[in-house]
Structures are given as structure tokens and as C-alpha cells.
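coordinates only, no sequence provided:
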């Protein structure tokens, strides 16, 4: 389909109209011949006229041409349009010859796409819809997600489930053969129903988590890009990008679609994601104007024309063939897998012993039936009876394995990670790597940026010094014209920001980084400078883009009709000052700068920095270009000092409380910034990072160059003392992270720039910024802080501790069930030859403790108590002494009660054997329900605090109680139970409820003296 030149009104009418009925083939053929004749004739006439007028070379014809043949003589000449597939192929293949010969270069492609290289496309709704219809949307087709049925099948592949199913089918077959269909299906059928219930609940849980992970994955791929539409710079989602868009690119950006370079300077691209080559490719208008989707900008800045999107790009084709599955195993899951394997081996050993004991007792005639007779009578026993009994014994042993293996542990991790990831999105944190959730809970040090993280990133110029004199708004008229002209060039040409004015009276719209926006706003509004004028009168020859190493940017220009080149620098004040030998007075007179004047200006910089102002200086130099040679290196010495501005970036509200919260939690905060020492120190005091006279000595605040020049011994000795590192480079940040990790710390690092990527990868937890962060930084990080706020970093810390704590709660709960079930079944089997808990009952217990227990305990929200504890170290055991104390006490109580029921229950309650077994089953389940409350808090006595906030916990407890009552009272045949009277129910509930006071008493026993010491020191 081709893009036709239509008016906006024609677009909308075309989109809204229904398609007419298809014409006859003969009619179509006649019209096609007529249209072809008219098209070719008018095309040749128009092209010949152009060639004659411009003496141009004849272009090769395109694959096809569409022309507005209804235009009047007043309308522009026919416009050529492009085959989307053909243009996409040219860009993907980087065919410079095809671009030139067939399309006439970048500028002609832009005209064919009806896009202006300066102002972009119109950008109205009709235009965007039409472009999307013709060229497609900037989305790629994803592999279909796993269906619910696939999760069910995966659950059925479990070896234990398969064995249980075989036993259930055999039991069903022998039962029906022996007792008939009406009575014989209960034993086998109940096991099948219980298995089906366990599998479905597990599959539903896994399916829901898969959907949640998919949603978060979609959120992380929604990149925002800056485009020019209708002359205005605006931010749009990558999915809203259309062919013809002009996209602004800067260091760290991901190329959002395939396109062509329009303009820019020093643009280099990392194409390793597409080609595998690590060398950075230089992009320019002459030799290589091609930009491919999915690659990253590593240097410079520029603009690109989008030529193909979505599935027409190489990146789209590649990504559509990839299914992203979150099969990452976190460190905690790995530790739990080992624990599961260890416990499973113990459970398997117990099950084998039970199996052997029960088989020996059966075949030696010690197993009695309901009438007290031996079930096995040697040769008199029927084969069906023997097989049915053996299958029942095997099923009981296998079920013990099912209960013993804590399969819910990995599930609990998945559940708590999925839940916390979803809630963290609401708290402005997007998790990219699952392991970061749990690792963040162990963090001992957070290395944070200043700008935008601790501060609002809302810069404003509040001081301006010209030479050695302060200038306020009322003194603007006193500044010499030549100074204003130089400032206009220095601000307007040495910037990556833009100023857009709809008309001469409208308020200017300024875009760019916060620093660039602040300086442009000061120049345009406060000084009244014209930013566009220098762009018209000067030619930019070379640009040195800002980077965090040099902390400055420069531009080399040639003024119109002059053979003199001019260099303009802008950057960190003390660095620019070191390059200067002269300075201007406000009257426009240049003077030599001696040592006293240099020291005086240095004092001005220090006094501004002490007020927490960021100091940016301007300098320039004229360079004679007698040979008319193009310079590629900017002058860096002998410059003339133009002026100095002080930018204020206020601290974020609540930042001091967030820093204090982290300190209280035993997490040290270190600020790493590119600002000078005085600004860094002032901000650190304002944020609470430096909060006492002890931090005033020189070792608490260091410069990056000083830190990197330390010997290894000095660095390791002083790294604990250092709280602030000023004038730091990305290498200094990386060195800081490496040194802290060598000291045994778990380090979290924030970063937003491309150069921060090594430190983000090196850190245990990399935290990138969602607003100011580049795509390279985001891809190198584990968690994206969506609002760039340090308070959200503190929130992530809370959630990290919550994840770890929730897992520990569930481990304590599940191990209590494991120990109790194993001991009671083993002792009962050895002593009496019977297992008091049947297969169906044990599967119900397995469901309670695995899926439902995980859901109940893994979804607890973080509390302030978590921030009162010291961080968990790398070598801290997963099952602490506190947990062992709690679970052993509860397991001993439950085992004691159930064994009393097993051996003395009939006489105590004056009931039959079946009612006694029902009492054991009911008490056992109720003990687990009450113990779930105990597990909510591992070391605090108040287990009900905040329980009303976890509605899911209360709902699961309620559902479990209801189902348990139904199984006991109404599903006697299915669950192999007998109905209980209200006294028996009261006894079961009373005995189970005793676990609460037992838990309260046990928590009075101190077991972890080291923890108490840490808490005392933290407080």
C-alpha cells in the first residue's frame, strides 16, 4: 500500500468511509491503463522540467509512483512516495548507493515521507493514524504466552504426582472390582480428586504469576523518546513512534526504530546487539547515515528520520522470534532448592521405612481389618484384596513423601517476588531482575547520586557573575553588547537543549536536560538573548559533547564572512577557570588574569558552592584560521573568562527522613557526585548524610582524584569513613563499589548515565533512574526507580527486607508441618501398623501448607519494624536460631498432642477408631491454621499487629476453616472421616488454640545474643 498526498480532511473521510463494493475486473483494467498513461506522461514532463531547470542528473525510477492528479495549477508539483518494504530493506542493508541513486539522499526521503527535517511531521491524530495504517505500528509480534493448560500439564509431570495417580487408579480399579462402582470408587476417587485439586490450585497460582511477570516485562519495554512534531519537542512512547518522525538522540539512548541520520555531532552507535561487533560505529550524513533499531548511542548527539518501524525493522524481526520467560533462579531460590532436596531425602527415608514396616506387618498378619481379623491370611487371601491393600500402603508412603517434600518453598519465593514486584511498581520501582528483590534486603551500603535522586532536578539560575562582579536583572542594560553576543553564542550553540516559540509573543518552550533548560531559560527570559540568531549567523565546525570525565562541553564555530574561528566552553567552574588567562569586565574590556584575580574568582566559586549552588562557567577564545583548515580539536588554554552562573537544585521533600530511615536500619549512605566539594558538602548536610561534627574532618568528604590515588591499603582503611565523594568520575564510582565489596559489604548503587553502567553491573543491586536515566543505564541495572527519588530507594530497601522476612515466615510454618506429619505417621506406622492420616487427608494438608500457606504468608506487606533490624549479611543462615526455637516448640507440642490422641484418644473421648482418626486429622489441620498466625511474626509477641491490612491472609484462613468443616461434616466417604459433635469440635479448637500462648511464652526465651547487641548499637 502506498502513502498518497491527501488533505487532512481527505484522510479522515477516507478512514471513516466504508469500502465500496469491488468493481469488475474489466472496469479495473480500463482505469488502470488510463491512470498509467496519465501518470507516466505527467511524471516525465515534471521530471524533464526539473532536469532542465536545475541541470540535475536523472534519477532512477522508483518501484512505483503515486500522484495527486486532481491538483490545480496553484498546488505544488507532484510528490513522490515510497514503498515501505523497499525503503526498509535499503536501511537494513545500509546501502548508501541505493539510498542515493533510487531515493536521492536523506533530504529527498524526508520530502517523500512528507516530513520536515526541522519541524518533523504535523503530528495530528489523522496524520498519525494514516501513517500507522500505511507503515505499521512500532510494535513487534510476540510469541504467544504459555496457556493455563500448559501449567496444568507441567504440574502433572511431577514424579510424585504421577506415582500417586497410578496408585489412585489401581485403588479405584480394585475397589470397584471388589465392592462395585457404587461403593468401591471412594478410596481411589478421593485421591484423584485431591490430586486434581492440588494440581489446579498450583497451576492457577503459577499462571497468575506468569501473567504478572509478563505485565511488568511489557512495562519495562515501554521506552519514552523525544520527537519533533509540528516544530515542538515532545516525549512519546516508543510504541507511538511513526515513520516520518524526527527523533532526538543523546548519549545512552536506544535507537527506537530504523532510520536515517539528519544532523548532529560526534554521533557514535554501539551495534553489538545487532552485529555482535563491539566497535562503536560513527554515524554521519555522508558516509554512514543509517541507524538501526535496538542499537545504543555511545557518544555525541543528533536527530534521525524514522524510515521503518515494528516488524519492518531487523530488531522487530529478531525480537518477534524470542519468547521472554522469567526462568531466572534467584540466590534465595537456589538455597531453598538445596533445603528442599535435603528435607526431601529425609522424607523419602521415612517413607521407605514406613512402607517396609507396613508391608512386613501386612504380610506377617499383624494388620487387622475393621472386625479385628488379619487382612492377610496367606494362601486364603484373594489376589484383589492383597493388591488393594498393597496399593493403599504404597499410596500412604508416597503421600508421606508428598507432605515431607516442601515443594511450597520455591513457590513461596515466586509468590512473594511476584507480589512485591507488583506492589513496588505502585511505589515507583520497576524490578528488572528478580534476584534484586531479595538481595536489596541484605544491602549494607547505598551509594547514591545527588542530582535528581537527593534533589528535585529542577534547576534554576539564581546568581550570575560577570568577571568579578555580581549581575542582577536590573543591571542587564549595563552589560556590553560584545559580551551579550558572546554569551548568546556560548549558550545558544554549545547546548543540547532547544527553545521553541510558536510566535514572537508566545512563552518559549524549552526542552533538554534540567541544567540546559535552566541556562537557556536564564539566557532567553532573564537576559533577553536571542538563541536562534547565532544559529543563523554561525557555522558549527566541531562539537565536544559533555561527558562526566571532563565535566565540560565545547563547540568550535565560524562566524559568517569571517576567517576567524571561535571556541566556546561551558562546564564545571573551577575546571573552566583553570583554562582561562583573561577575563571580561561588564563593559566588554578584556583583561589579563593574574594569580590574585584567579584566587578571587575561585573564592567566588567556593562561596556559591557553599550555598549548595552548582557553578557553571562560560569561556571563549578566537582562533585564526589562516589556512582555512577544519579544526577537530578545541583550544583548551589561554581562554577568556566570560561569566559564572549558580544553579540551585532544591533537596527533595522527605529526603532527610528517608536517609535517617536507612541509617536506622543499619544501612550507610554514601553520596557520589560530580559537583565540587563545597556544593557536595552543603547538600550532604542538607540531606542528613553528614549530620555531626565528626563528619567535618577532611576524610569524610574526598574528591574522586584523591580517592583513586590512594594506595590499596589506604583506600580499604578509609572507605568506611568516606561519606561523600565529590568531582567523581564513573571510574571512581566503580572503584568505590569494588572496594566496598572487598570489605564484605552488600552494595546498592544508583546511576543514570551511560558511563554508570560498569558500576551498576558491578554492584550487588544496580538502581537506575527512570526519568533522567539512559537506556544503557537501565539495561545495566536490576531495578529502575521510576520517579528518580531516593525515598523510593528506601522503599525498595523495605520491600527487599519484606521479601526475605516473608520467606523465613513460610519456612518456619512449613517445616513445623513437615516435622509433625513425618513423626506422627512414622511412630504410628511402626507401633500400630496404621497411618492415622489418609492419602486424601495428607494431600489436603499439603495444599494448606504449600499453596494456601504460601499465599497467606508471602503477601505480608512491609512494616516499620523491618527497618529497626540490622541488615542480613551474606553468610547469615536462612533458618535462624529464632526460627528453630519457634518451630521446634510448636512441632513438639503438636507431636505430643497427636500421639496422645493416637494411643489414648479412644479412651479419653470414648469414641470409635474412625472418630479418633478424625479427631487427629481435625486437630492437626487446626494446629496449622493457628500456627499460621504465629508465623506472621518471628520474634515479636504481638502476632495480630497489622493483620487487618492483609485481607488475603484472613480470606485464606476463612476458606481453610470452611473447607475443613465441610470435609469433616459432609464428605465422610471422600475424606474418610466421621462427623464430630460440638464438644469434640471444641476440644480440637481449644487444643489448637493453645499454640498461641505457647508461641508467646517461647518468644520470651532469648536465643540470639548477637542480634540483641546489634539492635542495641543501632538504637
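The structure has been received and is ready for your questions. Computed from a prediction, not measured in an experiment: that's the story for all the values here.

got the domain ranges for the protein?
The chain is divided into the following domains under the TED database: 84-134+241-320, 330-419+798-1011, 429-456+652-788, 460-648.

closest one to residue 159 among those domains?
For residue 159, the closest of the domains of the chain is domain 330-419+798-1011, at 9.7 Å, according to Cβ to Cβ. (Each C-beta comes from the backbone N, C-alpha and C, glycine too.)

now the closest one: mean pLDDT?
Averaging pLDDT along domain 330-419+798-1011 yields 83.

please state the offset of it from the chain centre?
37 Å (Cα atoms, centre = their mean, to the nearest Å).

related to what we said a few turns ago, to residue 201, which of the domains of the chain lies closest?
domain 330-419+798-1011 (4.9 Å).

what about the strands in the stretch 551-700 of the chain?
Taking DSSP state E, counting those that start in this stretch as the criterion, the stretch 551-700 of the chain carries its strands at 552-559, 564-572, 580-584, 590-592, 613-624, 639-648, 668-672.

what would those look like in a markdown table with mean pLDDT, distance to residue 235 and mean neighbour count?
A markdown table is the format used below for the strands of the stretch 551-700 of the chain (pLDDT from 0 to 100; distance: least, Cβ to Cβ, whole Å; neighbours: other Cβ atoms under 10 Å):
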| stretch | mean pLDDT | distance to residue 235 | mean neighbour count |
| --- | --- | --- | --- |
| strand 552-559 | 91 | 23 | 22 |
| strand 564-572 | 92 | 25 | 22 |
| strand 580-584 | 94 | 37 | 20 |
| strand 590-592 | 92 | 42 | 12 |
| strand 613-624 | 91 | 24 | 21 |
| strand 639-648 | 94 | 23 | 23 |
| strand 668-672 | 94 | 28 | 23 |
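
save the ones you listed as JSON lines, and put in distance to residue 525 too.
Putting the strands of the stretch 551-700 of the chain into JSON lines (distance: least, Cβ to Cβ, whole Å) gives the following:
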{"stretch": "strand 552-559", "distance to residue 525": "22"}
{"stretch": "strand 564-572", "distance to residue 525": "18"}
{"stretch": "strand 580-584", "distance to residue 525": "22"}
{"stretch": "strand 590-592", "distance to residue 525": "28"}
{"stretch": "strand 613-624", "distance to residue 525": "17"}
{"stretch": "strand 639-648", "distance to residue 525": "13"}
{"stretch": "strand 668-672", "distance to residue 525": "32"}
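
picking up where we left off before, quick one: closest of the domains of the chain to residue 158.
Closest to residue 158 of those, according to Cβ to Cβ: domain 330-419+798-1011, at 8.1 Å.

any stretches of the stretch 201-350 of the chain with poor pLDDT?
In the predicted model of the stretch 201-350 of the chain, residues 213, 216-217, 275-278, 319-330 satisfy pLDDT under 70.

tell me where it has strands.
Counting by DSSP E, counting those that start in this stretch, the segments of the stretch 201-350 of the chain that form strands are 224-229, 232-237, 246-249, 258-270, 280-282, 290-291, 296-308.

deepest of the ones you listed, which one?
Using mean count of other Cβ atoms under 10 Å, the stretch among the strands of the stretch 201-350 of the chain with the largest mean neighbour count is strand 290-291, at a mean of 26.
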